[in-house]
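Asker: sharing a model that was predicted from the sequence below.
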Amino acid sequence: MTHVRVETVALDAGGNRQIASRTRTTSPLDDRAAEVEEAIVQASAIAQQSLSQVPERDGWRVSSMQVTFGLTLAAEAGVILSKASAEASFEVTLTVERASDAP
């Protein structure tokens with residue numbers, strides 16, 4: 001059986017992540033599976049809710065969306081941080097096409 005480990009980062013007293021190599025550790029992926037699953041469910045729900053609010057406009061509609069996001073697991077259980085900085089934590093690609101009933 002393959003044992004997958006994930007890198008974790010320590011949080012300082014203010015809850016900020018520390019990325020120095022001495023503060024990085026690993027833990028078994030199985031031990032963090034519930035947290036990862038919850039993060040995926042939440043991110044998916046946010047993406048789906050956002051897409052449902054985009055109206056058709058001038059005969060064009062969003063036909064698909066691709067969302068990419070990263071996770072960083074903090075050393076303490078129950079804490080997940082986005083991998084990238086706040087200004088780039090999600091990458092969203094939208095496909096826009098002519099609506100089928102447009103003239």
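Answerer: Thanks, I have the structure now. Numbers count the residues shown, from 1 in each chain.

Asker: contacts and neighbour counts: CA atoms only from here.
Answerer: OK.

Asker: any idea how far Gly70 is from the closest residue to Leu29 other than its chain neighbours?
Answerer: Distance criterion CA to CA, 6 or more residues apart in numbering; nearest residue to Leu29, sequence neighbours excluded, is Arg5 at 5.1 Å. Arg5 sits 16 Å away from Gly70, going by CA to CA, to the nearest Å.

Asker: again, but for Ala45
Answerer: According to CA to CA, Ala45 stands 16 Å off from Gly70.

Asker: kindly report the same for Pro28.
Answerer: Taking CA to CA, one finds Pro28 at 18 Å from Gly70.

Asker: got the contact list for Val62?
Answerer: Applying CA atoms under 8 Å, 6 or more residues apart in numbering to Val62 gives the contacts Leu51, Val54, Glu56, Leu94, Thr95, Val96, Glu97.

Asker: could you do Glu7 as well?
Answerer: For Glu7, the contact set (CA under 8 Å, 6+ apart) comprises Arg24, Thr25, Thr26, Ser27, Thr72, Leu73.

Asker: check which helix or strand covers it.
Answerer: Assigned by DSSP states H and E, Glu7 belongs to strand 5-11.

Asker: do Ser100 as well
Answerer: Short version, using DSSP H and E: Ser100 is in no helix or strand.

Asker: residue contacts, it?
Answerer: Under the criterion of CA under 8 Å, 6+ apart, Ser100 has no neighbours.

Asker: for PyMOL, what selects the buried ones among the contacts of Glu7?
Answerer: PyMOL command restricting those to the buried ones, with burial defined by 16 or more other CA atoms under 10 Å:
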select buried, resi 72+73
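
Asker: make a markdown table out of the contacts of Glu7 and add pLDDT, secondary structure and distance to Gly14.
Answerer: Listed next are the contacts of Glu7 as a markdown table, based on pLDDT from 0 to 100; DSSP: H, G, I helix; E, B strand; the rest coil; distance: CA to CA, whole Å:
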| residue | pLDDT | secondary structure | distance to Gly14 |
| --- | --- | --- | --- |
| Arg24 | 66 | strand | 17 |
| Thr25 | 74 | strand | 19 |
| Thr26 | 75 | strand | 22 |
| Ser27 | 77 | strand | 23 |
| Thr72 | 71 | strand | 17 |
| Leu73 | 70 | strand | 16 |
